[in-house]
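Participant: Predicted model follows, preceded by the sequence.
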Amino acid sequence: MKIKRKVEIAVISDVHLGTYGCHAKQLLTYLNSIEPKKLILNGDIVDIWQFKKRYFPKSHLSVIKKIMDFAANGTEVIYITGNHDEMLRKFADTEIGNISIVNKLVLELDGKRAWFFHGDVFDISIQNAKWLAKLGGYGYDFLILINRVMNWCSDKLGKERYSLSQKIKNSVKGAVKYINDFEKVATDLAIENGYDYVICGHIHQPKMLQVGNKRGKTMYLNSGDWVENFTALEYQFKRWKIYNYNKDKLSAFYADEDIKDMNMNDLIAAITIVEQPKSKKKKKNKLK
Ligand SMILES: [Mn+2]
């Protein structure tokens, strides 16, 4: 019997299925090693921008199949749209079984408020993003709209769309500044809006950082990507962790230091890794 790590929430982003950069096999291995209650896909999972290339190998399809299997087996799958899969924004707030599509997400986690969004809304102008996003949900939707219009114009003019990888190619210094600004704006907004956690993707920089300013504090989290970093975020036992495929491999992730301050219930939950046998009734239904 396969032993799977139970996690309350797993977050992945920037998988870019359908591109040569995507490391689908590693991701599949990771997904096969966990049993999440919630799986949050925080944008740029399928790269619809670059779909024209007709590159979609079996391992990429397997990732999609695996996600569907999660949903079929009771995992709540939440697909948050990104810029490379912005076509899905048309279907925002759609629900199909255990899978839902949204542009942003707010969850309450053990009494704390968590704000999830991909992060490309900051692309146009970090300064504009700042005051627009102060408008809360409306501002966010408005930013998405501006981005879409800009991309539409770029397409019409035959110009290249804004892309971070392009920016990195142009200047490493520019990229570092962009990443710093991104993190600053995200955390300022989170504090402004009273979120304890702000969880993004987009910039392909895995990170977990407690940030504070005059007005309060928040925790910034970024799930990284499956192009270069092979990282995910996991929430379990009231805390977040960055899973790093290259460092953590598939070993038990909560070894040593975490076990020490676990309470009895947490420990029992952690030990119950064996899959629960499904009830007979359910099995019968499945056969039909
Ligand atoms: Mn993105």
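Facilitator: Thanks, I have the structure now. What you see is a predicted model; the values in this text were computed from it and never measured. Numbering: from 1, shown residues only.

Participant: Roughly how far does whichever residue of the stretch 151-288 of the chain sits closest to the ion sit from Ala92?
Facilitator: Minimum separation of the stretch 151-288 of the chain from the ion (CB to the ion) falls at His202, amounting to 3.9 Å. C-betas here are computed from N, CA, C, even on glycine. His202 is 17 Å from Ala92, where distance means CB to CB, to the nearest Å.

Participant: of the two, who's got more company?
Facilitator: Comparing His202 with Ala92 by other CB atoms under 10 Å, the one with more neighbours is His202, at 26 against 16.

Participant: Provide a list of residues in contact with the spatially closest residue to the more buried one that is not a sequence neighbour.
Facilitator: Spatial nearest neighbour of His202, excluding adjacent residues (CB to CB, 6 or more residues apart in numbering): Gly119 at 3.5 Å. Contacts for Gly119 were tallied using CB atoms under 8 Å, 6 or more residues apart in numbering; they are Gly43, Gly82, Phe182, Ala186, Cys200, Gly201, His202, Ile203.

Participant: and those, which of them are in strands?
Facilitator: Counting by DSSP state E, the contacts of Gly119 place Cys200 in strands.

Participant: got TSV for the contacts of Gly119, with pLDDT too?
Facilitator: Output for the contacts of Gly119, formatted as TSV (pLDDT from 0 to 100):
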residue	pLDDT
Gly43	96
Gly82	93
Phe182	90
Ala186	93
Cys200	97
Gly201	96
His202	93
Ile203	91
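
Participant: Compare the contacts of Gly119 and tell me which has the most neighbours.
Facilitator: Within those, Gly201 tops the neighbour count with 31 neighbours, counted by other CB under 10 Å.

Participant: For it, which non-adjacent residue is closest in space?
Facilitator: Leaving aside its chain neighbours, Gly201 sits nearest to Ser13 (2.8 Å; criterion: CB to CB, 6+ apart).

Participant: Please name the residues that touch the one you found.
Facilitator: With CB under 8 Å, 6+ apart, Ser13 has these contacts: 41-45, 82, 118, 200-202, 223-225.

Participant: Which secondary structure element is home to the closest residue to Asn213 other than its chain neighbours?
Facilitator: Among residues not flanking Asn213 along the chain, Ile191 sits closest, at 6.0 Å (CB to CB, 6+ apart). Assigned by DSSP states H and E, Ile191 belongs to helix 172-192.
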